[in-house]
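>>> Predicted coordinates and the sequence they were generated for:
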Amino acid sequence: MGKYSAKAVMWLSTLILVLACTASFAMAKEDEVAVYFNGELLTFADQQPVIQNGTTLVPFRAIFEALSYEVEWNGEERKAIGIRKGLKIELTIDSLTAKVNGQAAELSVPPQIINNHTMIPLRFVSENSGYDVIYSQESGTIVIRIGTGMPAGNTAGETGGQAEPYVVKGKVVNPQGEPIKGALITIDNQLLYNSNSQIKTDANGQYRIELTKMAATYKAYAEYSIMYEGVKHSVDLIPDDDSPFAGNEGAVRNFTVKLDSSTGTGGSAEVLFYMMDLIHPLNPVAEPPNRDDVTLTLEPEGKMLDGTSGKKIVSKGSRSNNGYGVHNVPIGKYKVSAVYAPPGAEPQHMLIRVVNPGQDDPFHPSVVAGFQRVTDKIYKMELELKLDVVKPPAEDPSEIDWDAVYDINGNRIDQNKEWNW
């Protein structure tokens, strides 16, 4: 019985070892990456390519030499350097900033040491060397082709064409269609809790993420964080297609920066204003100025939050849950002026000042102001307005005619005048 048990144990151990090897082979096969340069398969003898957060890392010496670079290693600065005629690429271990001919460039995944090998981003080096990069899936292997004159619609980061299996890609632009660099893309695996892939858009506003090969459904989200006037702003981006997608089908998801706080995405603000003239400054009997008769003019000063030049806004106020004023104004700096024009009367320029708690600032014909943070995605500018008029002179109070009446333009109305009807 003991002998039989020993054989059984040996047989089971052998079976487990075979299954483990088979599983390991299957996993390795699934994660295999083949890289071709101008149609020729590149070999990486000691360390195979590794994919991290949608970025393929390869041994730096092998890829630099394949692309005809002279290779240097600065051990003190932990920097891998490739040099060829007219081009120098510098990549520092664990740094998200590279240099191309001395100019800083942002990486989505840093160079790093893996199994004692220096690994650098394949696509970054290839594209900055003037080559196109194509990704495809072939019999469970990720195939990457580097070269020139690549077929249109398959270039890495391309937002047009067909979706690729196990790949989500796209582009982020501002309202004028200009690319947004550094937007954070999040691909949410809806099968597994808290299982996301993230990447930032490149200088062309493009991104590409390779998904794990599992039966799962995903959704794409994006957020744009930027420092503006010393304050960090976060804006949720609007996708052109908000529907979930299957990993084995892949997807193209493009996003647009829309500075519209009415949707809760952030990026725009409220310009709230109050009337300081509680009675008419020329005639206490007349109705006080009505804020519904005020028109604000907002002229952009410099770049807006999204980097655009902005547009001039001319608008009356309206009521909202946040107060009375002009709503959903793209965040930026503005020169603000106001005009009071009740029905049937000549428009009058108003004086204006920014509300600063605890301060009694003077009024001006116009002010240049930005927005103050209320919550993470709610910002406001508060203004006080009053009519730009001068009261009739009254140096000697005893000479004031307290029964006098003035029209809206400051002219005295003669109440004793005889009218000829």
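Thanks, I have the structure now.

>>> what's in contact with stretch 292-299?
Applying C-beta atoms under 8 Å, 6 or more residues apart in numbering, the contact partners of stretch 292-299 are 271, 273, 275, 312-317, 325-326, 329, 334-343, 350, 385. For every residue, glycine as well, the C-beta is placed using N, CA and C.

>>> Distance check, the closest residue to residue 382 other than its chain neighbours against residue 96.
Spatially, and ignoring its direct neighbours in sequence, residue 382 is nearest to residue 355 (3.8 Å; C-beta to C-beta, 6 or more residues apart in numbering). With the distance defined as C-beta to C-beta, to the nearest Å, residue 355 ends up 41 Å from residue 96.

>>> Weed out the non-buried ones from the contacts of stretch 292-299.
271, 273, 275, 313, 317, 325-326, 329, 334, 336-338, 340, 350, 385 (16 or more other C-beta atoms under 10 Å).

>>> How far does stretch 125-142 stretch from one end to the other?
The first and final residues of stretch 125-142 sit 18 Å from each other (C-alpha to C-alpha, to the nearest Å).

>>> What's the local residue count around the residue nearest to residue 382?
16 (other C-beta atoms under 10 Å).

>>> next one: phi and psi at it?
Main-chain torsions, residue 355, degrees, to the nearest 10: phi -70, psi 120.

>>> any idea which of the buried ones among the contacts of stretch 292-299 is the one closest to residue 32?
For the buried ones among the contacts of stretch 292-299, the minimum distance to residue 32 (C-beta to C-beta) is 52.9 Å, reached by residue 329.

>>> re the thing from before, residues contacting the residue nearest to residue 382?
274, 382, 383, 384.

>>> Looking at those, which one is closest to residue 83?
Once C-beta to C-beta is applied, the member of the contacts of residue 355 that ends up nearest residue 83 is residue 382, at 56.8 Å.

>>> So in that sheet, which strands flank the host helix or strand of that closest one, and in what orientation?
Using DSSP states H and E, residue 382 sits in strand 378-387. Sheet pairing of strand 378-387 (DSSP bridges) gives strand 268-275 (parallel), strand 348-354 (antiparallel), strand 372-375 (antiparallel).

>>> which residues are in contact with stretch 228-242?
By C-beta under 8 Å, 6+ apart, stretch 228-242 touches 172, 183, 219-227, 251-259, 263-267, 305-306, 331, 333, 370, 373, 376-377.

>>> Now which of these would you call buried?
So, of these, 172, 183, 219-224, 226, 251-259, 265-267, 305-306, 331, 333, 370, 377 end up buried under the neighbour-count rule (16+ other C-beta under 10 Å).

>>> helix or strand for residue 65, which one?
Using DSSP H and E, residue 65 falls in helix 60-66.

>>> buried set for that helix?
Applying a neighbour-count criterion of 16+ other C-beta under 10 Å, the buried positions in helix 60-66 are 60, 61, 62, 63, 64, 66.

>>> same check, this time on stretch 42-56
By neighbour count with 16+ other C-beta under 10 Å, stretch 42-56 contains the buried residues 42, 47, 48, 49, 50, 52, 54, 55, 56.

>>> How about the third one: what's its closest non-neighbour residue?
Read that as residue 48. Per C-beta to C-beta, 6+ apart, closest to residue 48 is residue 33, 6.7 Å.

>>> In contact with that neighbour, which residues?
Neighbouring residues of residue 33 by C-beta under 8 Å, 6+ apart: 48, 49, 51, 56, 141, 142, 143, 144.

>>> Verify the contact between the fifth one and residue 34 for me.
This points to residue 141. Yes - between residue 141 and residue 34 there is a contact at 5.5 Å, judged by C-beta atoms under 8 Å.
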